[in-house]
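Chemist: Make a model of this:
(chains A and B)
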Protein chains: 2
Amino acid sequence: MIFNHNKWMNYAILLAKRSKGITGKNPPVGCVIVKNDILLSSGRTSSSGRPHAEENAINSVKDKNNLLGSTMYVTLEPCAHENSTGMSCAKLIAASGICEIFISYIDPDPRTAGKGVTILKKSNIKVYQSYLQDDCLDIYDGFFSRILNKKPFVSLKIACSLDGKIALNNNQSKWITNDLSRNYVHLIRSQNDAIMTTSSTIISDNPEMNCRLDGLENRSPTKVILDRYLKVTHDYKIYNSSPNTEIFTYSLLEIDKNISKNKKIKNIKIEKGLSNKDYFNTIFYDLAIRGINNLLIEAGSKINTILLSLGIIDKLLIFRSGKIIGNEGIPMIDNLNINSMNSIENYNLSYLRTFDDDVLEIRKLNK
Amino acid sequence: MIFNHNKWMNYAILLAKRSKGITGKNPPVGCVIVKNDILLSSGRTSSSGRPHAEENAINSVKDKNNLLGSTMYVTLEPCAHENSTGMSCAKLIAASGICEIFISYIDPDPRTAGKGVTILKKSNIKVYQSYLQDDCLDIYDGFFSRILNKKPFVSLKIACSLDGKIALNNNQSKWITNDLSRNYVHLIRSQNDAIMTTSSTIISDNPEMNCRLDGLENRSPTKVILDRYLKVTHDYKIYNSSPNTEIFTYSLLEIDKNISKNKKIKNIKIEKGLSNKDYFNTIFYDLAIRGINNLLIEAGSKINTILLSLGIIDKLLIFRSGKIIGNEGIPMIDNLNINSMNSIENYNLSYLRTFDDDVLEIRKLNK
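Modeler: Residues are numbered from 1 along each chain as shown, chains lettered A, B, ... in the order given. Sure, this is the predicted structure:
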């Protein structure tokens, strides 16, 4: 019999992708159980993280005898840390009768980090590690960044003209890109845990910064506002957009003078006099502690330039139209003081597609 | 019997494309002759224009009796104007026994312009016009522009960074794009009749402006140099690159003080004090008169900006890498003094591909 291990793991990957952006601080995982190359069941991480994908997959097999001699495909190492009932996924699998398991990534979370595999092997389950690992990278770069680097995976979204401008010099930017592109931005928002913007973007554009795709409204991410002097009063749309997601406002001021009754708004104080580097490191560390894996930035030229020059941007999402604004427009990236071609950052192409006349390039920092 | 008219016309289109850039002032044409849906012969316009595609296709049928009752597919209307032996393609076809013909575009050349079709119809040949016409547009935009607008079809090539810069502010630009992109530029050169640059680009970069792809060297286009004050001495590479193509130098000066023995170099005097619009219209009209259908521009920010603001650029070929230079770099397009999103030129996407990490966008002016 020919076993289609690739097919089943790819199915697990698809399931994991569906959960991206809605599993809270937990990684999105896809899990498939197969016997004699026939699907027994599947599962993915539930909203906000529990139950895990493996538990969902095992629980949806009605006759547990069927699990004897079956194979599991899972995109991340089953956890070794126990839930409220004293059970870990690794123990659950060990007790299930599953006899072999294909795992894509080993979980970097120190509570598991190989301990899951050890439990499985001790129960004589055949373990295949690193299976189709490269295909899972996009799913876990956020979770890995938070666990290993103590910062979210940072994506910068830019909508620009053919010559790289984000607005006319009178700040007009409606609309450089088309409505298909702008809709896709909402889908990207839904796949991130938080979306960050600045007081100047809010004051100039008054954006809602939510996901407004039919049926995906409740996937709107947490909002992060950089507002050193609390200039953004609570009547701006970002404080009132639906659904009522968490909002983190980072400022230099102790007291929120616009204090809201909404408990979901947290005002987080940042030390004065920090360098740009320390300022952003502090904020990104704080976001990691708060469980933000994937952070999307939608702001202006100034912050784009600072973050880029600090090497903090992991991923660029550039939506580009066929319009030409001219060099007096606002640039996507401002001055970087580069004197040699050798000192230039390079972002490698990872995805390219069109939206009618617009082009989307997704690029990742070449580390 | 099912006749695959699309298939045969597409074959004719492929043949025409192979001739693009090497047929002189003549349009590149592809021609296929088919009987009972089986290929009898094919032909394309010969180098520098004669014999025509139809003549080549008919001549390569050994037993002319086979032509009786056959079908011809041709990308442009057969000519009604006679060659040195008193024969036109329309007459040749009329006398051949071919009984039906599929034509994509009607030839706008006033010597033909429907007269070819009239000759064919008078000989009781069934004529299908405008067949797969849209698929032929890229082949004929140059020829049509020269005949109908008395100017070449103008393509502007730009190699830029992800943020739309063509060089660092110290003019360094080696290499923003990769070698695959740069090779493809040579292929594009081979498909144009002439390549235009300026004295400042030559003095700063000393380019050869030829096609250096193995086997295609002899497809290097005519060179056009905008050199108002004859600053470019004849020791620059552009005057010495191989092969020895024609060079047109447009200047304000009467006498070529650097006069060369090379008869292929023509110094063309332009009137002083012309506006940018009249200056370029004069040059483009002169190039049209000299038989240039497709003109490729490879120059700097200044001329890009002037031509773009004059609405003279028909097509943009933008090679973009993943490098970020920053806003102090040299922009692909300089200031355009645009105050409203409504007054912005839009270039529609017509082709998109990657060269490893670089992206090529081909866009056409939305007229």
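
Chemist: Check the secondary structure at A:Val127 for me.
Modeler: Three-state call for A:Val127 (DSSP: H, G, I helix; E, B strand; the rest coil): strand.

Chemist: Wait, it touches A:Leu120, no?
Modeler: Yes: between A:Val127 and A:Leu120 there is a contact under Cβ atoms under 8 Å: 5.4 Å. C-beta here means a position set from N, CA and C on the backbone, and glycine is covered the same way.

Chemist: residue ranges of the strands in the stretch 201-350 of chain A, please?
Modeler: A:222-226, A:247-251, A:265-269, A:294-297, A:315-320, A:330-331, A:347-355 (DSSP state E, counting those that start in this stretch).

Chemist: And these, which one averages the lowest pLDDT?
Modeler: Ranked by mean pLDDT, the strands of the stretch 201-350 of chain A end with strand A:265-269 at the bottom, a mean of 91.

Chemist: So for the closest residue to A:Lys115 other than its chain neighbours, what's the pLDDT?
Modeler: Once flanking residues are discounted, A:Lys115 sits nearest to A:Ala80: 3.6 Å by Cβ to Cβ, 6 or more residues apart in numbering or on different chains. At A:Ala80, the predicted lDDT confidence score is 95.

Chemist: backbone phi and psi for A:Ala80, please?
Modeler: In terms of degrees, to the nearest 10, the main-chain angles of A:Ala80 are phi -100, psi -10.

Chemist: what's the answer for A:Val29, then?
Modeler: Note on A:Val29: backbone dihedrals following degrees, to the nearest 10 are phi -130, psi 140.

Chemist: just checking, it touches A:Cys79?
Modeler: No: at 9.3 Å, A:Val29 does not count as touching A:Cys79 under the criterion of Cβ under 8 Å.

Chemist: Need the residues touching each of these two.
Modeler: A:His52 (Cβ atoms under 8 Å, 6 or more residues apart in numbering or on different chains).

Chemist: These two: who's more crowded?
Modeler: The neighbour count for A:Val29 versus A:Cys79, taken as other Cβ atoms under 10 Å in any protein chain shown, is higher for A:Val29 (33 against 26).

Chemist: residue contacts, the residue positioned nearest the centre of chain A?
Modeler: Central residue of chain A (Cα atoms, centre = their mean): A:Asn294, 2.8 Å from the mean position. With contact set as Cβ under 8 Å, 6+ apart, A:Asn294 has these partners: A:Lys20, A:Gly21, A:Asp141, A:Gly142, A:Pro152, A:Phe153, A:Ser155, A:Gln191, A:Asn192, A:Asp193, A:Ala194.

Chemist: and A:Ser350, how far is that from A:Ile362?
Modeler: Applying Cβ to Cβ, to the nearest Å, the value for A:Ser350 to A:Ile362 is 5 Å.

Chemist: Now list whatever residues contact both of the two.
Modeler: With Cβ under 8 Å, 6+ apart as the test, A:Ser350 and A:Ile362 both reach A:Lys315.

Chemist: between the two, who's got more neighbours?
Modeler: Legend: neighbour count by other Cβ under 10 Å for A:Ser350 and A:Ile362, higher for A:Ile362 (18 against 15).

Chemist: My reading is that that one lies in a strand. Confirm?
Modeler: Yes: remark: A:Ile362 belongs to a strand, assigned using three-state DSSP.

Chemist: Please name the nearest non-neighbouring residue to it.
Modeler: A:Ile362 sits nearest to A:Tyr351 (Cβ to Cβ, 6+ apart), 3.8 Å away.

Chemist: Now for the one you found: which residues touch it?
Modeler: Neighbours of A:Tyr351 in contact, by Cβ under 8 Å, 6+ apart: A:Leu360, A:Glu361, A:Ile362.

Chemist: Out of those residues, which is nearest to chain B?
Modeler: A:Glu361 (6.2 Å; Cβ to the nearest Cβ).

Chemist: so what's the closest one bridging to?
Modeler: Using DSSP bridges, the bridge partners assigned to A:Glu361 are A:Ile318, A:Leu352.

Chemist: nearest residue to the residue of the stretch 101-250 of chain A found nearest chain B other than its sequence neighbours?
Modeler: When you check the stretch 101-250 of chain A against chain B by Cβ to the nearest Cβ, the closest residue turns out to be A:Gly164, at 3.1 Å. Spatial nearest neighbour of A:Gly164, excluding adjacent residues (Cβ to Cβ, 6+ apart): B:Gly164 at 3.1 Å.

Chemist: residues near the one you found, how many?
Modeler: 28.

Chemist: where does chain A dip in pLDDT?
Modeler: Filtered on pLDDT under 70, chain A yields the residue ranges A:1, A:255-263.

Chemist: What ranges does it have for its helices?
Modeler: A:5-19, A:53-59, A:89-94, A:115-122, A:137-144, A:179-190, A:199-205, A:276-289, A:301-309 (DSSP state H).

Chemist: Same list (those helices) but as CSV, adding mean neighbour count.
Modeler: Shown next, in CSV, are the helices of chain A (neighbours: other Cβ atoms under 10 Å in any protein chain shown):
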stretch, mean neighbour count
helix A:5-19, 19
helix A:53-59, 24
helix A:89-94, 23
helix A:115-122, 19
helix A:137-144, 21
helix A:179-190, 17
helix A:199-205, 18
helix A:276-289, 17
helix A:301-309, 19
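
Chemist: for chain B, what are the nearby residues on the stretch 101-250 of chain A?
Modeler: Within the stretch 101-250 of chain A, the residues that sit near chain B (Cβ under 8 Å from any Cβ of the partner chain) are A:Ser161, A:Leu162, A:Asp163, A:Gly164, A:Lys165, A:Leu168, A:Asn170, A:Gln172, A:Ser173, A:Lys174, A:Trp175, A:Ile176.

Chemist: Against A:Asp163, how distant is the last one?
Modeler: Pointing back at A:Ile176 there. Counting by Cβ to Cβ, the gap from A:Ile176 to A:Asp163 is 11 Å.

Chemist: again with A:Lys35
Modeler: Distance from A:Lys35 to A:Asp163, by Cβ to Cβ: 57 Å.

Chemist: Thanks a lot, catch you later.
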